[in-house]
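[1] Would you be able to build a 3D model of this:
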Amino acid sequence: MKYEGLKLEKSEHIAVLTIDRPHRLNAATLEMGYIALPRILRDIQEDEDIRVLIITGTGKGFCAGADVNELPNFFKITASLARHEKLMALGEFARLLYDLEIPVIAAVNGVAAGAGVSIALLSDIRIASENASFGLVFVARGLIPDCGATYLMPRLLGAGKSFELMYTGDLIDAREAERIGLVNKVVPHDKLMDEAKAWAKRLVQAPPLALAQIKRAIHKGMLNNLEEQLYFETYAQNFLFGTEDFKEGVDSFLEKRQPHWKGR
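    Down below sits the predicted model:
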């Protein structure tokens with residue numbers, strides 16, 4: 001499946017979404033953000049064969065945020081949207097990506113700026129090439145970080161570091177991003193996709209219903225108090241107790257064999 005500036009490939013239960021505008025460091029067009037990305041993410045959500053999503057970019061950029069060249073035409077472009085598209089929140093794709101019920105791996109191959117940082121934050125695992133860099137450059141345009149960055153970064157890095165990165169718009173390299181916990185791992189540039197796919201293949205072997213509930217639990221745990229979270233864990237555990245995968249997990253342990261997960 002291919003849209004203008006985006007490429008989606010599916011194989012062996014893994015989807016790879018590549019942002020493909022290398023001449024603009026993969027800066028996103030309005031059409032990509034408002035139309036293509038939401039459609040692609042809904043397609044992935046509905047495809048029960050897909051168990052992991054990898055997001056990466058072509059060339060020297062992961063995603064340089066919104067394409068500034070398009071901003072003067074913002075109202076002209078949005079005027080052509082359907083009514084339901086006009087009513088969507090700015091960065092609706094961010095909600096869809098955050099709510100995706102499968103693991104999401106960001107393979108950050110180069111510059112991640114603006115909404116490119118947001119896409120990395122919306123992912124569950126972030127692996128960076130040694131060539132990657134990160135910058136919330138919104139302040140230089142007189143704007144605030146969006147697409148969920150102001151929600152996600154303080155929860156990941158704390159308020160102090162988030163204020164620093166958002167107030168200054170400073171670019172940090174991959175090693176600094178790893179040091180502060182923005183990325184999980186930094187690898188040589190030519191090993192980036194090998195590493196991302198190794199993670200994906202490992203997660204494909206895990207029980208998909210359990211992974212989905214872990215993801216929901218972590219998201220809810222950032223908002224709930226302990227009592228609320230204990231109730232959610234009880235709900236999730238009771239749901240999983242009733243699945244075929246739970247029975248398979250017990251049976252395979254007792255029979256000393258590898259489990260065969262069905263996602264049921």
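
[2] In the stretch 1-150 of the chain, mark out all the strands, start to finish.
    Residue ranges of the strands in the stretch 1-150 of the chain, as given by DSSP state E, counting those that start in this stretch, are 2-3, 6-11, 14-19, 52-57, 61-63, 104-108, 111-113, 125-129, 133-135.

[3] Could you save these as a markdown table and add columns showing mean neighbour count and distance to Leu230?
    The way it works is simple: take the backbone N, C-alpha and C, and place the C-beta from them, glycine included. Formatted as a markdown table, those follow (neighbours: other Cβ atoms under 10 Å; distance: least, Cβ to Cβ, whole Å):
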| stretch | mean neighbour count | distance to Leu230 |
| --- | --- | --- |
| strand 2-3 | 13 | 43 |
| strand 6-11 | 15 | 38 |
| strand 14-19 | 22 | 34 |
| strand 52-57 | 24 | 29 |
| strand 61-63 | 28 | 38 |
| strand 104-108 | 27 | 26 |
| strand 111-113 | 28 | 36 |
| strand 125-129 | 25 | 26 |
| strand 133-135 | 22 | 35 |
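
[4] how about those in JSON lines, adding mean pLDDT and distance to Ile119?
    Below are the strands of the stretch 1-150 of the chain laid out as JSON lines (pLDDT from 0 to 100; distance: least, Cβ to Cβ, whole Å):
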{"stretch": "strand 2-3", "mean pLDDT": "72", "distance to Ile119": "16"}
{"stretch": "strand 6-11", "mean pLDDT": "96", "distance to Ile119": "12"}
{"stretch": "strand 14-19", "mean pLDDT": "98", "distance to Ile119": "8"}
{"stretch": "strand 52-57", "mean pLDDT": "98", "distance to Ile119": "6"}
{"stretch": "strand 61-63", "mean pLDDT": "97", "distance to Ile119": "6"}
{"stretch": "strand 104-108", "mean pLDDT": "98", "distance to Ile119": "7"}
{"stretch": "strand 111-113", "mean pLDDT": "97", "distance to Ile119": "7"}
{"stretch": "strand 125-129", "mean pLDDT": "98", "distance to Ile119": "10"}
{"stretch": "strand 133-135", "mean pLDDT": "98", "distance to Ile119": "11"}
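
[5] between these, which gets nearest to Gly263?
    For those, the distance to Gly263 is smallest for strand 52-57, at 12.5 Å, taking Cβ to Cβ.

[6] which other residues reach that closest one?
    For strand 52-57, the surrounding residues in contact (Cβ atoms under 8 Å, 6 or more residues apart in numbering) are 13-20, 22, 26, 44, 62-63, 100, 102-110, 119, 123, 192-193, 196-197, 200, 203-204.

[7] returning to what we had before: mind checking which of the strands of the stretch 1-150 of the chain is nearest His219?
    strand 104-108 (12.2 Å).

[8] which helices and strands sit right next to that closest one?
    With contacts taken as 3 or more Cβ pairs under 8 Å, 6 or more residues apart in numbering; DSSP states H and E, strand 104-108 sits against strand 52-57, helix 115-122, strand 125-129, helix 192-204.

[9] Give the partner strands of that strand in its sheet and their orientations.
    Sheet pairing here is set by DSSP bridges, and for strand 104-108 it gives strand 52-57 (parallel), strand 125-129 (parallel).
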